[in-house]
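Asker: Any chance you could fold what I've pasted below:
(3 chains)
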Amino acid sequence: MSLFSDSFVSTPVIRPDADVLLEIRGLHARVEDKAILKGVDLTLRAGEIHAVMGRNGSGKSTLSKVLAGHPAYTVTAGTVTYRGQNLLELSPEQRARVGVFLGFQYPVEIPGVSNLEFLRVATNARRAELGQEELDTFAFEDLVRERLTVVQMDPAFLDRSVNEGFSGGEKKRNEILQMALLEPLVAILDETDSGLDIDALRIVAAGVSQLATADTATLLITHYQRLLEAITPDFVHVMAAGRILRTGGRELALELEERGYDWVDQELASLELG
Amino acid sequence: MVASTASPKTLAGWTGDLLAQLPAPSGPLTDVQRRGRLALSALAPPSRHQEAWRFTDLTLLASLDLGPSAPNARRHSPGDSSSGPSETSARSETVCLHLDGRSDPLAGLVLPAGVTPLADSELVLALGHTLAATGCEQDWPVELNHACASQLLALRVASRAKVSLELVSDGGTGLLPLRVLLILEEKAELQLCQRLTAAGAGLTSLVLEAHLGRGARLEHGLVALGPPEAALLAHLALEQEPESEVRLVVASAGWGLSRLEPRVVQVDGSATTTLRGLQLVTGEQIADTHSHMAFEGPEGQLDQLHKAVADGRGRSVFNGAVRVPRAAQRTNAAQLSRSLLLSDRARIDTKPELEIVADDVRCAHGATVSCLQQDELFYLQSRGIAAEQASALLKRAFCEEVLRELPAPARLWCPFERLLAAADPAPAAQSGLAASTLPRVGQEPEAPEGEKG
Amino acid sequence: MTTAASLGDLVSQPYKYGFVTDIETEKIAKGLSEDVVRLISAKKEEPAFLLDFRLRAYRQWLQMETPDWATLGYPPIDFQNIIYYAAPKQRDKKASLDEVDPKLLETFEKLGIPLSEQKRLTNVAVDAVFDSVSIATTYKEKLAEHGVIFCSISEAVKEHPELIERYLGTVVPSNDNYYSALNSAVFSDGSFVFIPKGVECPMELSTYFRINSGDTGQFERTLIVAEEGASVSYLEGCTAPMFDTNQLHAAVVELVVLDDASIKYSTVQNWYAGDENGVGGIYNFVTKRGHCRGDRSKISWTQVETGSAITWKYPSCVLQGADSVGEFYSVALTNNHQQADTGSKMVHVGPRTRSTIVSKGISAGHSANSYRGLVQIGPKAVGARNYSQCDSMLIGDQAAANTYPYIRSQQPLASVEHEASTCRMSEDQLFYLQSRGIAFEEAVSMMVSGFCRDVFNQLPMEFAAEADKLLALKLEGSVG
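Answerer: Just a heads-up that it's a prediction; the model follows:
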């Protein structure tokens, strides 16, 4: 961590008065015996859209899994504070209930479990946390039909098993539908654009933009800048070797697009030498 | 099976007579013969009370008169054009070996580069190793082979060598014991086309062992065609190191009684096994395949398809065991058994047998038994194809799904026509299956698949 | 936290029905002999034909050997160390429920089966069997108005001997297997149902079996007959106290359906399964078979098996009548050291007979769960069809799932299709559900009930929720 400390550019601030929703400090994590995150610092405030970019293996997907509490990852150092609360103490379901949402890169298929039932149970768990009344089957169906328009999904998807037999684009739209129902304050979208054709990408991006409000923060994880053409980020972070190497505005994404990631390696090498 | 000689002899009595007739042990397998005879005299023969023999009555063997083995009148030599394999000898790289159970199969032959005979000292270590690894070294048919076989073919394929061999055995009458031992070194590749035929009343006993080193590849096609008065007992024991690949395709027809036991073990997982089987029975024939697949390490793969066609009063048995112990996490195994039952006096017994003690695995199996699909038949008929020919086409399509996976040289044997002829010479001729009216072998049949899954 | 470990905790729930009712019991001495068979028959004041039936079965049993083909391991059972008859002492004849020992009523109430007039289930008639005897049957009179006979088999022997003589042992011959012979010799009590021609039974019928004594075997015998055009839905439930010894339960169930009749037979079995080290629990060796004698008749078996140290059970259908239908829907959950070898036999005899098998096995802990089935298509079963599906779910890497589907066909114009798959409850699936705010226990329960849905859909409405709850109970609990 100390190796990089002087080169680190701390997150700039657009609205200093906005609430800090998520604060990540010096986060280290490993999977089995392999250290993946080596000191990540990141602050998300309400109303902000952040993009984390980086090559495969840079640790960006690990960051999303750690934030959601995946049991395969062990946090070895650092803190994550969500609205003043230690996020790392919470179980995965508790994180979801308090408003942290992870849109998966590869949503799993769960044969036999009805999508509608799954969405209802999840939505009611979140509502209970917010002190809202539980929705019965009918009220929920009304809600879900309304939210389906966000992702332009066919209601027939509700009658199928969770993600079972869904195409790549349908799975991603189902993720955004879940986000629309759970109304998170912090949404982390892991490679939401991967495997999408242009139309699906447009729908998903429009959904994400619609759900990003002045009260929420969004963290887009991607390695193409394609998604960022549809959703304009306030900040772009470049991740490499398990930490955030550089932070900038929208232009950083364009620079990456133009120059590729090779300069990242050079910078990393020079840092390690220095 | 041999209706004419309805002898009341018991299998134990038959075995005793056989042991008494055998010449004194000799040759490279002297010790094995001695041990085998001892074991066989002590071993109770298989009975239908045992689960593994529940469907197949081996006492039928007792009606076989096993005089001293008489060679087939048509003695083959490499390049003989009457018998099929030679058609492929155009492939200069393919060497054809004849196994007759009596003479040294390597005598006077030049082996291709990368293939060497096993030295006697190696034999002592290697013989029986894979039989033990696949858990069949004390099975009755194996001990029978041990007791009788005096010759063997034992070859080593050198690391990274790519070799194609043909093995031909033409049983005459009487007992033909065949023993093969193959060692494939790391990354060696062997394509083995094997043909077993028999001319008259007799028993062919085959025990084949192959050990595949890391990354080795064995493509083995066995076409076994016998007459109704002959029996076949075959154990094919294969042992795979990681990253090795086995493709075993076995097609059999015509034997009064056949029992095939492909047994594969992936000793450390991470290997790929593809098994294909096709058996045709008609008349009073019994064909029984008991396959056995064991995964002893993680990330192994199995893709198995077994097909059977039962006509006349024939009986087809398939038992497919798959064992996935705790060590075999992330195994991916799929087994499918599909049987066509074409006569109301024929019978199909099929039984997958999965034993799994590992949670992170994908194992699927399926079995279907039916006749030809009426809607498919109707579809062909509605295009002007006569019912009988439509049936023949569908039956062919059903079989070709397995046969087209034979190694290329074996596909040139026109296996389907030969299988059909072996299974039932007369109807094959009647049903208009002359080669000229049918698509060439290797060409896709025009019919849809034989039946729906 | 590893998923396997926490799943393990989850499926190791304490058994809720493990209490023993302290009640004075009349027991005969341990051991089995011809005298014991005669004694049981005498105690039940049986007619001569039944004593003969028992004695013939006993002699057959003496000649038989315990079956060893199942994938089960257990020490040999000492049949001389079992009590073959135990009954709670009570007044000679229970004219009405008021005369039944309150302790017994309390026991059943504790088990969720209230029998008294005020509390009894409104839509279900219940026969309650305690150890070797039936203690009460509700709604008998109401059923009688429709001509439906629902009573204990002992009562039926006295009141309807002609029906018993006509049907008993005609579906499961006493020499069918070792345990059916034993049961035929010493069976104590069970239920008898007779639905006359054209009657649709107006309510669900249910028998609740309770083993209470620690050293007593339970040998119940159930016989259900549906005459032409009749139909009935029947459910049995079972529990037993926790003992550190094993109790033998060897039941025989026979179903007979005539033309156009149907029987739906559901079982929710929750015997005591032994502790986490495999000590104690019921040995359950059961022969259940239905005979579709009539054309267009139908038998449907549904079972939810969660209990027993050992389960050996293959509810079967002999499909003799033309166009008759057999169904088998099963969920078997094993945990700890439980062993289950269960499945179904569908024997197609008549033309155009159809059968369906859906089996879901869930194995956790060190348990072994085997599906063993037979689909047999006889030479006359032209146009017969079978479809079988058996899926296994493994929880943890110490549990075993075995599948042995035997298929035999002798009829070309018939089709048999079998499919099977094995899956596990993956960490990723659980995490996905959790990351949407669904608690771990609920996530597991959702996945298990999703896995079993095809079977639960077959249970009568009244019991579907009960089965779901039962599995949830076995699966719910503390996760650290």
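Asker: where along the stretch 351-453 of chain B do the helices fall?
Answerer: B:374-382, B:387-403, B:408-411, B:415-423, B:425-430 (DSSP state H, counting those that start in this stretch).
Asker: which of these is buried the deepest?
Answerer: helix B:415-423 (a mean of 23; mean count of other C-beta atoms under 10 Å in any protein chain shown). C-beta here means a position set from N, CA and C on the backbone, and glycine is covered the same way.
Asker: Helix B:387-403 and that helix, what's the angle between them?
Answerer: Orientation of helix B:415-423 against helix B:387-403 (axes from the mean of the first three to the mean of the last three C-alpha atoms, to 10 degrees) gives an angle of 110 degrees.
Asker: So which elements touch helix B:415-423?
Answerer: With contacts defined as 3 or more C-beta pairs under 8 Å, 6 or more residues apart in numbering or on different chains; DSSP states H and E, the packing partners of helix B:415-423 are strand B:217-225, strand B:245-253, strand B:272-281, helix B:387-403, helix B:425-430.
Asker: Let me know the angle separating it from strand B:272-281.
Answerer: Using the same axes, to 10 degrees: helix B:415-423 against strand B:272-281 is 40 degrees.
Asker: circling back to that earlier point, with mean pLDDT as extra columns, can I get the helices of the stretch 351-453 of chain B in JSON lines?
Answerer: Formatted as JSON lines, the helices of the stretch 351-453 of chain B follow (pLDDT from 0 to 100):
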{"stretch": "helix B:374-382", "mean pLDDT": "72"}
{"stretch": "helix B:387-403", "mean pLDDT": "86"}
{"stretch": "helix B:408-411", "mean pLDDT": "89"}
{"stretch": "helix B:415-423", "mean pLDDT": "81"}
{"stretch": "helix B:425-430", "mean pLDDT": "48"}
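Asker: So which of the helices and strands packed on helix B:415-423 is nearest chain A?
Answerer: Minimum separation from chain A across the helices and strands packed on helix B:415-423 (C-beta to the nearest C-beta) falls at strand B:272-281, 24.9 Å.
Asker: Check which helices and strands whichever helix or strand comes after the closest one sits against.
Answerer: Toward the C-terminal end, the helix or strand that comes next after strand B:272-281 (DSSP states H and E) is strand B:286-295. Counting contacts by 3+ C-beta pairs under 8 Å, 6+ apart, strand B:286-295 packs against strand B:245-253, strand B:257-266, strand B:272-281, strand B:301-310, strand B:315-324.
Asker: For the closest residue in space to B:Ala149 that isn't next to it in sequence, what is the enclosing helix or strand?
Answerer: Leaving aside its sequence neighbours, B:Ala149 sits nearest to B:Pro177 (C-beta to C-beta, 6 or more residues apart in numbering or on different chains; 3.8 Å). Using DSSP H and E, the element containing B:Pro177 is strand B:174-184.
Asker: Can you tell me the strand partners of that strand and which way each runs?
Answerer: strand B:153-157 (parallel), strand B:202-212 (parallel) (DSSP bridges).
Asker: Let me see the contact set for B:Leu403.
Answerer: By C-beta atoms under 8 Å, 6 or more residues apart in numbering or on different chains, the contact set of B:Leu403 is B:Val249, B:Ala251, B:Leu278, B:Arg411, B:Pro415, B:Phe416, B:Leu419, B:Val441.
Asker: now do 10 Å
Answerer: B:221, B:223, B:249, B:251, B:276, B:278, B:307, B:396, B:410-411, B:413-416, B:419, B:441-442 (C-beta atoms under 10 Å, 6 or more residues apart in numbering or on different chains).
Asker: Likewise for B:Leu127?
Answerer: With C-beta under 10 Å, 6+ apart, B:Leu127 has these contacts: B:Pro28, B:Leu29, B:Asp31, B:Val32, B:Leu118, B:His146, B:Leu152, B:Ala154, B:Arg179, B:Leu181, B:Glu209.
Asker: do the same with C:Met425
Answerer: Contacts of C:Met425 (C-beta under 10 Å, 6+ apart): A:110, B:359, C:3-4, C:7, C:362, C:364, C:393-396, C:443-444, C:447-448, C:451.
Asker: ok, now A:Asp19?
Answerer: A:Asp19 neighbours (C-beta under 10 Å, 6+ apart): A:Leu44, A:Arg45, A:Ala46, A:Gly47, A:Arg83, A:Gly84, A:Leu185, A:Asp215, A:Ala217.
Asker: Repeat that for B:Gly300.
Answerer: B:240, B:242, B:264-273, B:293-294, B:324, B:328-333, B:361.
Asker: Separate out the buried members of these.
Answerer: Among the contacts of B:Gly300, those classed as buried by 16 or more other C-beta atoms under 10 Å in any protein chain shown are B:240, B:242, B:264-273, B:293-294, B:324, B:328-331, B:333, B:361.
Asker: Which is the succeeding secondary structure element to the strand holding B:Pro177?
Answerer: Counting by DSSP H and E, what follows strand B:174-184 is strand B:189-198.
Asker: Stretch B:169-177: end-to-end distance?
Answerer: 10 Å (C-alpha to C-alpha, to the nearest Å).
Asker: And the average pLDDT for it is what?
Answerer: What stretch B:169-177 shows for mean pLDDT is 86.
Asker: Would you mind listing the buried residues in that stretch?
Answerer: B:Ser169, B:Asp170, B:Gly171, B:Gly172, B:Thr173, B:Gly174, B:Leu175, B:Leu176, B:Pro177.
Asker: Close to chain B: what parts of the stretch 51-200 of chain C are there?
Answerer: For the stretch 51-200 of chain C, the contact set with chain B under C-beta under 10 Å from any C-beta of the partner chain comprises C:Trp69, C:Thr71.
Asker: Now do the strands in the stretch 51-200 of chain C.
Answerer: Taking DSSP state E, counting those that start in this stretch, the strands of the stretch 51-200 of chain C run over residues C:86-88, C:124-130, C:133-137, C:149-152, C:191-195.
Asker: Please work out which of those is packed deepest.
Answerer: strand C:191-195 (a mean of 27).
Asker: Inside strands: which ones of the contacts of C:Met425?
Answerer: A:Ile110, C:Ile362, C:Met393, C:Leu394 (DSSP state E).
Asker: Go through those and name the one nearest B:Gly200.
Answerer: Nearest to B:Gly200, judged by C-beta to C-beta, of those is C:Leu394 at 51.8 Å.
Asker: how far away is the closest residue to that closest one other than its chain neighbours from B:Arg330?
Answerer: Distances taken as C-beta to C-beta, 6+ apart place B:Asp359 nearest to C:Leu394, at 4.0 Å, with adjacent residues excluded. Distance of B:Asp359 to B:Arg330, given as C-beta to C-beta, to the nearest Å: 10 Å.
Asker: A:Ile176 too?
Answerer: With C-beta to C-beta as the criterion, A:Ile176 and B:Arg330 are 32 Å apart.
Asker: Next: C:Ser231.
Answerer: Distance from C:Ser231 to B:Arg330, by C-beta to C-beta: 49 Å.
Asker: cool, and C:Glu442?
Answerer: Counting by C-beta to C-beta, the gap from C:Glu442 to B:Arg330 is 28 Å.
Asker: now B:Leu212
Answerer: Counting by C-beta to C-beta - B:Leu212 and B:Arg330 are separated by 20 Å.
Asker: Also B:Ala386?
Answerer: For B:Ala386, the distance to B:Arg330 - C-beta to C-beta - is 51 Å.
Asker: in chain C, what residue is nearest chain A?
Answerer: For chain C, C-beta to the nearest C-beta, closest residue to chain A: C:Gly450, 2.8 Å.
Asker: I'm done for today, thanks for sticking with me.
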